[in-house]
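No letters, just coordinates:
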């Protein structure tokens, strides 16, 4: 909202508006959030740029869907339809570009992701930009296996956002760093080795914590403030992970 923009405008250049999701059939996207146009205007009024985020999140399970991604990327007609809708949404709200946030991809999605990114880049046209959020991997080969062919993607992208977070989480792992420094460093080094110049990489870090309850129930995401309140004097700094932790 505008209050958040006023608070943070001195420290940021771009806001990402989250966003729209690809339909289960892979041939359309959801409607823009109601406040999207106002947020774009508010960003521009403060000298910031605004990107529209598009993802393959399944609204039913609230998880990223490989099937939705495959339905989009593997079908030229679906790619055409989704890109046409994205271009129209960018124009209608005045966005400065699109950030592609397709996750849970595989090697089989590489060609389709390159085709989709190429066509979106060409359809938006300058000065609109295309950026991409990518999952953290440990080697160039693993980035390729995760669907990212950076030899062909990099020339099309203004920025690559490395999602160096969710190394551990309460619904998929035992307790551990949310984005430990050695793990993040490995992912960043591998991304550069895969062909993405460091000047075009945004390092995404977690502005939150997780809880792992001892009673076996699902944990939850915690704000920094809530994490500090719960941890109190029990907080301990882990110099290897470069994160705080507490056993309550």
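Right, received. Where do you want to start? Bear in mind the structure is a predicted one, so any value in this text is a computation, not a measurement.

Which stretches in the chain count as strands?
Assigned by DSSP state E, the chain shows strands spanning 14-21, 49-55, 57-58, 63-64, 97-101, 129-135, 160-163, 201-204, 208-210, 221-223, 236-238, 243-245.

Was I right to think residue 234 contacts residue 248?
Yes: with contact defined as CB atoms under 8 Å, residue 234 counts as touching residue 248 (6.3 Å). For every residue, glycine as well, the C-beta is placed using N, CA and C.

Identify whichever of the strands of the chain lies nearest to residue 195.
Distance to residue 195, taken as CB to CB, is lowest for strand 160-163 among the strands of the chain, at 10.1 Å.

picking up where we left off before, pick the most deeply packed of the strands of the chain.
When you average the neighbours per residue for each of these (mean count of other CB atoms under 10 Å), strand 97-101 leads with a mean of 23.

Which strands or helices does that one pack on?
In terms of contacts (3 or more CB pairs under 8 Å, 6 or more residues apart in numbering; DSSP states H and E), strand 97-101 is packed against strand 14-21, strand 49-55, helix 76-93, helix 110-124, strand 129-135.

still on that earlier bit, could I get the strands of the chain in JSON lines, plus columns for mean pLDDT?
Shown next, in JSON lines, are the strands of the chain (pLDDT from 0 to 100):
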{"stretch": "strand 14-21", "mean pLDDT": "94"}
{"stretch": "strand 49-55", "mean pLDDT": "98"}
{"stretch": "strand 57-58", "mean pLDDT": "94"}
{"stretch": "strand 63-64", "mean pLDDT": "92"}
{"stretch": "strand 97-101", "mean pLDDT": "98"}
{"stretch": "strand 129-135", "mean pLDDT": "98"}
{"stretch": "strand 160-163", "mean pLDDT": "98"}
{"stretch": "strand 201-204", "mean pLDDT": "97"}
{"stretch": "strand 208-210", "mean pLDDT": "96"}
{"stretch": "strand 221-223", "mean pLDDT": "96"}
{"stretch": "strand 236-238", "mean pLDDT": "97"}
{"stretch": "strand 243-245", "mean pLDDT": "96"}
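
Take the ones you listed and write them to JSON lines, including distance to residue 193.
Below are the strands of the chain laid out as JSON lines (distance: least, CB to CB, whole Å):
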{"stretch": "strand 14-21", "distance to residue 193": "26"}
{"stretch": "strand 49-55", "distance to residue 193": "26"}
{"stretch": "strand 57-58", "distance to residue 193": "29"}
{"stretch": "strand 63-64", "distance to residue 193": "25"}
{"stretch": "strand 97-101", "distance to residue 193": "22"}
{"stretch": "strand 129-135", "distance to residue 193": "14"}
{"stretch": "strand 160-163", "distance to residue 193": "13"}
{"stretch": "strand 201-204", "distance to residue 193": "12"}
{"stretch": "strand 208-210", "distance to residue 193": "29"}
{"stretch": "strand 221-223", "distance to residue 193": "31"}
{"stretch": "strand 236-238", "distance to residue 193": "27"}
{"stretch": "strand 243-245", "distance to residue 193": "25"}
